[in-house]
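Visitor: need a 3D model of the sequence below.
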Amino acid sequence: MAEDSMVHKLYVEKLIADGSNWVTYCNRMLWVLRSCWLSNHLTLMTVMQTYTNIGTVNSITPKMQWVNNEATAMYTIVASIPNSMFTNIKSKTTTKDVWDALKALYEGHTQMVLVKMSQQLQTSRCSEVDNMCEHFDKLTNLREQLGTMGKSILDNEYTSILMELLPELYTAILGSIATAAEMSGMTVFAAVVVKIATDEYDQHTLGTEKGKDKAFTIDSQKKKKGKQCDVECEHCHKKGHTKAECWAKGGGNEGGGPR
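Guide: Just a heads-up that it's a prediction; the model follows:
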């Protein structure tokens, strides 16, 4: 039978209060308890025949051993749930009652979270001014979270979602690639869509930055020229140049004007 020290040394994933990791938490908890021969406490409330067959060992009866392991299994679960959830199950007296209460609360809630996240994955459209890399990071994160909750998104389905959520600026390029792939009998993978779209985004961003730099340079030159027109020469008192640039007699550039 299991020893308390063994269970306490095992890592058990913490249950998140909103239940977003319920599926993986549930599976890992089953593995942990099974490795310590405690998983039957999740479904039974009375002494198992296995305990009875072993009989009394070192003055510990089957009933005493069951109660001891029951407390260990319950502690393992309770120690891995948030405080807000503990208040809902602290009145339970058996491991099975605790586990059933958690399943009742989170399995229905998990389905609602799955629906909401699935909707987000399919409707998070990227606009032409959004950062393409951040957009793909968001969709990747949603897909991974859905996977951990038991809803896997196949690559072909994910590829279609990626292409549908791109702005029109990118769909023309990807449409040509999809057509070429269909004609050749090849498959367009999600990684290819991400690579092409991010490359196009980088080129577009780079071209926009160059345009901004050029516009800034022209604007600076205009401002500089405008400021020069306001300058008054201390020598001839005409505007548009300084004394050092003055063509008049005695100026810094005397005789330098057009003949």
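Visitor: and the next helix or strand past the lowest-mean-pLDDT helix or strand in the chain?
Guide: Using mean pLDDT, DSSP states H and E, helix 4-9 stands out as the lowest-scoring helix or strand of the chain, at a mean of 47. Scanning the chain past helix 4-9 towards its C-terminal end, the next helix or strand to appear is helix 22-35 (assignment: DSSP states H and E).
Visitor: for the stretch 151-259 of the chain, just list every one of the helices.
Guide: Using DSSP state H, counting those that start in this stretch, the helices found in the stretch 151-259 of the chain span residues 155-164, 168-184, 190-230.
Visitor: just for the stretch 1-150 of the chain, where's the confidence low?
Guide: Across the stretch 1-150 of the chain, the stretches falling below the confidence threshold (pLDDT under 70) are 1-11, 108, 148.
Visitor: would you map the strands across it?
Guide: Counting by DSSP state E, counting those that start in this stretch, the stretch 1-150 of the chain has no strands at all.
Visitor: which ones are touching residue 136?
Guide: The contact partners of residue 136, taken as CB atoms under 8 Å, 6 or more residues apart in numbering, are 162, 194, 197, 198. No exception for glycine: its C-beta is placed from N, CA and C like everyone else's.
Visitor: now with 7 Å?
Guide: Under the criterion of CB atoms under 7 Å, 6 or more residues apart in numbering, the contact list for residue 136 reads residue 194.
Visitor: could you do residue 84 as well?
Guide: Per CB under 7 Å, 6+ apart, neighbours of residue 84: residue 17.
Visitor: the one 4 residues further on too?
Guide: Taking CB under 7 Å, 6+ apart as the criterion, residue 88 is in contact with 101, 105.
Visitor: neighbours of residue 144, just the number please.
Guide: Burial of residue 144, expressed as a neighbour count using other CB atoms under 10 Å, amounts to 11.
Visitor: shaky segments in the stretch 151-259 of the chain?
Guide: By pLDDT under 70, the weakly predicted segments of the stretch 151-259 of the chain are 171, 178, 180-185, 207-230, 239-240, 243, 247, 252-259.
Visitor: okay, now the nearest residue to residue 156 once chain neighbours are set aside: neighbour count?
Guide: Leaving aside its sequence neighbours, residue 156 sits nearest to residue 187 (CB to CB, 6 or more residues apart in numbering; 7.0 Å). Using other CB under 10 Å, residue 187 has 11 neighbouring residues.
Visitor: how about residue 187, phi and psi?
Guide: Backbone torsions of residue 187, given as degrees, to the nearest 10, read phi -110, psi 140.
Visitor: from now on call the first residue 366
Guide: Understood, numbering begins at 366; the last thing we discussed is residue 552.
Visitor: what's the distance between it and residue 409?
Guide: With distances taken as CB to CB, to the nearest Å, residue 552 is found 49 Å from residue 409.
Visitor: also residue 571?
Guide: Using CB to CB, we find residue 571 at a distance of 66 Å from residue 409.
Visitor: looking at these two, which has the bigger crowd around it?
Guide: The neighbour count for residue 571 versus residue 409, taken as other CB under 10 Å, is higher for residue 409 (14 against 10).
Visitor: any idea how far that one is from residue 461?
Guide: Distance from residue 409 to residue 461, by CB to CB: 7 Å.
Visitor: look at the closest residue in space to residue 603 that isn't next to it in sequence and say how many residues are nearby.
Guide: Leaving aside its sequence neighbours, residue 603 sits nearest to residue 597 (CB to CB, 6+ apart; 7.3 Å). Here the neighbour count serves as a burial measure; for residue 597 (other CB under 10 Å) it reads 13.
Visitor: next: the one 4 residues further on.
Guide: Residue 601 sits with 15 neighbouring residues when counted by other CB under 10 Å.
Visitor: and residue 469, by the same measure?
Guide: Residue 469 sits with 11 neighbouring residues when counted by other CB under 10 Å.
Visitor: likewise residue 412?
Guide: For residue 412, the count of nearby residues is 16 (other CB under 10 Å).
Visitor: I'd assumed residue 429 was in contact with it.
Guide: No. Taking CB atoms under 7 Å as the definition, residue 412 is not a contact partner of residue 429, at 9.8 Å.
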